[in-house]
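Peer 1: Below are the sequence and a predicted model for it; my questions follow.
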Amino acid sequence: MSTDANEALSRRGFLAISAATLGGVMLAPGIRLIEIAGARAPEQAVSRQVRWGLLIDTNKCAPGCDDCVKACATENGIKDTGHPRTDAQWIRKVELKDLRSGRTHSVPVMCQHCEHPPCVDVCPTGASFKRADGIVLVDRHTCIGCRYCMMACPYKARSIVFQEITDQNPDVPRGNGCAEGCTLCVHRIDHDRQPACVEACTRAGHNAMIFGDLNDPQSEIAQRVAKYASTHIRADLKLNPGVRYQGL
Amino acid sequence: MAESLIYRELGGTSRRYWRLLALLAVPLALGAVSYFYMEHYGHIVTGMDNQIVWGMPHVFAVFLVIAATGALNVAMAASVFGKTTYRPVAPLSALISLALLAGGLAVLMLDLGRSDRMIVAVTRLNFQSIFALRVILYDGFMASVGVYFWFLLERRMNRYIKPAAILAFLWQLLLVTGTGLEFGFNFRAAYDSVLYAPMFIAFSSAYGTAILILILLAVCRWEDRPVSDELLRRLKNLLGIFVGASLFFAVLFLSSKHELARSRDVARFLLFDGGVYTALLWLGQLGIGAILPLALLLRSQVSRAALAAACALVVLGGLAQMYVTLIGGQAYPQILFPGLVESSSFFDGEIHPYTPSVPEVLLGLGGVGFAAAIVAVALRALAMLPERLDQTAGPQA
């Protein structure tokens, strides 16, 4: 009796496992195909399904460390001309101090890649634009150098080029008289690479910067944002930037 | 239109007229040289940097644009609101308005980082942008004032003056409001107030009317054209009201900034700790630009010299106001982290210094020269000012 029952169970179990396996074999490629279909082929335009973002952990960002700034300058061909007030700065380290508590922070600040970017709103020619994946860029061919974006940006993230630039990085064209700012290393992102600042921060072992797709619940950045408190700079302006700060 | 009024061009064969044009060619030439110098070397040769991005050319340009809208007020008073006293000077008012706008726009365009792409500025418009909206507003203002101006001068079109004037009046209101809101909708601490719209309407009225009176007095003195005391008395009172309104809005704006805790620091900077900006605010904008002219204008009997002096003071005060608004507003640091002390290699948390360079000033003065040259040439080419301004105009103004 008991032997029969065991045999019956094992037969039932066998059938269940077989059915599950068969179903898995039949469905899995389909699910995988949906994933592949949802992903962007290299020749496809950028997708609104993606929202690229950065999460900066200020607890891990050391005062005086400027690895990210140096990496950005090297990657984008930004050189020190000896005129700090007119030199472009796509990313900078801002040192913060709370005078009441004495607490200090050191945070990298770059273009915050807002969902509602004021620079795009005010640009008279549409040269300031936002890609579908949330990256805010300047079209160097239509920028007239009116500098209204620089007036409008609450993050002081834009610079203008004050003189002719030679010896440029071919991936990052820059031009005299045009406004510019952090591109989130769009030329790297489009080849599935990380922005130079993030790569440098990780390589040096600080791990203060995480880059990824905020819209992908499986991504590390989305999971960290879901788990830990983080905020935007000037969150009161409701611009919903793609750059978030943890520990501020 | 009063048939008794005979409109006459400037007598232009005299050597004096050519000397005037030669004189006006000086700022034009210097402005052109400055432009090519800045265009060749880039904005590195200006006093501007990545903190003060709009410099002296913008001070002149915005002043001229603002004054342009206000210079039309007298014409609008005549043609929209039926103030016949002003009818004889309505064409001059419209002409000065167009000339000042042309001068201001020229400076704005020549100060672009890529002025070679001016055509892009008019062919690719971003309709979300208040700045691009202004491009449409400028064109529309030029067109509507141009049509009104034509109707004034062309006797056959005189009967359509009123509708044309109403359109020009509405466009004037839109343009000056849009220019004010360009600051009002900005996040910077010194801006970020919709009071900029009515305040700029008051400023524009004062600056434009002052320039109109100065040119009217100069032309009439030049040609010995008689001007009635009544017309000057009315213009004096009008200017007094505009200067008073400017002072009212400036005080309201500064005190509201000071009253609200979130903007108190920037108000203290402008009012007390801002160095050159504080000096220009108190001495220039409020003292020379408002209180002194009011003291001159509010007397019952004002000599022509005193009226001209008051107008000149209003213009100087206006330039000081633009410097404080534009440069002072940028010199005060942008606050990214309210409540925390900021410092960085990009000068966060610091008051930004600015010293205008000579080419910048000359480019701005070139715009003033351009506007003045347009007025001088147009007055010579077109009969737009009566031979006598001491006669009353007819009812159809």
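Peer 2: Everything's here; your move.

Peer 1: can you pull out the strands in chain A?
Peer 2: With DSSP state E applied, chain A shows strands at A:52-57, A:91-97, A:104-110, A:128-130, A:136-138, A:159-160, A:179-180, A:209-213, A:230-231, A:243-246, listed in chain order.

Peer 1: Am I right that B:Gly284 is in contact with B:Thr325?
Peer 2: No. Under the criterion of Cβ atoms under 8 Å, B:Gly284 makes no contact with B:Thr325, lying 11.4 Å away. Heads up, the C-betas are built off the backbone N, CA and C, glycines and all.

Peer 1: pretty sure B:Tyr277 is touching B:Leu326, no?
Peer 2: No. Under the criterion of Cβ under 8 Å, B:Tyr277 makes no contact with B:Leu326, lying 10.4 Å away.

Peer 1: Looking at those two, which is more packed in?
Peer 2: Taking neighbours as other Cβ atoms under 10 Å in any protein chain shown, B:Tyr277 and B:Leu326 compare with B:Tyr277 leading, 26 against 23.

Peer 1: For chain A, see how far away the more buried one is.
Peer 2: Between B:Tyr277 and chain A the computed distance is 17 Å (Cβ to the nearest Cβ, to the nearest Å).

Peer 1: same question, B:Ser115
Peer 2: 8 Å.

Peer 1: got the contact list for that residue?
Peer 2: A:144-145, B:35, B:39, B:109 (Cβ atoms under 8 Å, 6 or more residues apart in numbering or on different chains).

Peer 1: returning to that earlier point: who has more neighbours, B:Gly284 and B:Thr325?
Peer 2: When B:Gly284 and B:Thr325 are compared for neighbours, B:Thr325 comes out ahead with 26 against 23, by other Cβ under 10 Å.

Peer 1: got a list of what the more buried one touches?
Peer 2: Listed by Cβ under 8 Å, 6+ apart, the contact set of B:Thr325 reads B:183, B:190.

Peer 1: pLDDT at it, what is it?
Peer 2: B:Thr325 is assigned a predicted lDDT (pLDDT) of 98.

Peer 1: now B:Glu3
Peer 2: Value for B:Glu3, per-residue pLDDT: 49.

Peer 1: Quick check: the nearest residue to B:Leu294 once chain neighbours are set aside vs B:Gln172, distance?
Peer 2: The shortest distance from B:Leu294 to any non-neighbouring residue, by Cβ to Cβ, 6 or more residues apart in numbering or on different chains, is to B:Val243 (5.6 Å). Distance of B:Val243 to B:Gln172, computed by Cβ to Cβ, to the nearest Å: 19 Å.

Peer 1: cool, and B:Arg388?
Peer 2: From B:Arg388 to B:Gln172 the distance is 29 Å (Cβ to Cβ).

Peer 1: out of those two, which sits in the busier spot?
Peer 2: Set B:Arg388 next to B:Gln172 and count neighbours by other Cβ under 10 Å: B:Gln172 wins out with 27 against 15.

Peer 1: Check whether that one really touches B:Tyr138, as I assumed.
Peer 2: No. At 11.6 Å, B:Gln172 and B:Tyr138 do not qualify as touching, with contact defined as Cβ under 8 Å.

Peer 1: Which residue is the nearest non-sequential neighbour of the residue of chain A found nearest chain B?
Peer 2: Here chain A gets closest to chain B at one residue, A:Gly145, 1.9 Å apart by Cβ to the nearest Cβ. The shortest distance from A:Gly145 to any non-neighbouring residue, by Cβ to Cβ, 6+ apart, is to B:Gly113 (1.9 Å).

Peer 1: burial of that neighbour, as a residue count?
Peer 2: Residues within reach of B:Gly113, counting by other Cβ under 10 Å, total 25.

Peer 1: Contact partners for it?
Peer 2: A:143-147, A:160-161, A:176-179, B:42-43.

Peer 1: Mind checking what secondary structure it has?
Peer 2: coil (DSSP: H, G, I helix; E, B strand; the rest coil).

Peer 1: Over to it: give its phi and psi.
Peer 2: The phi and psi values for B:Gly113, taken as degrees, to the nearest 10, are phi -60, psi -30.

Peer 1: same check, this time on A:Pro170
Peer 2: phi -60, psi -30.

Peer 1: what's the pLDDT at it?
Peer 2: pLDDT, A:Pro170: 89.

Peer 1: And the one 10 residues further on, by the same measure?
Peer 2: A:Glu180 is assigned 97 on the pLDDT scale.
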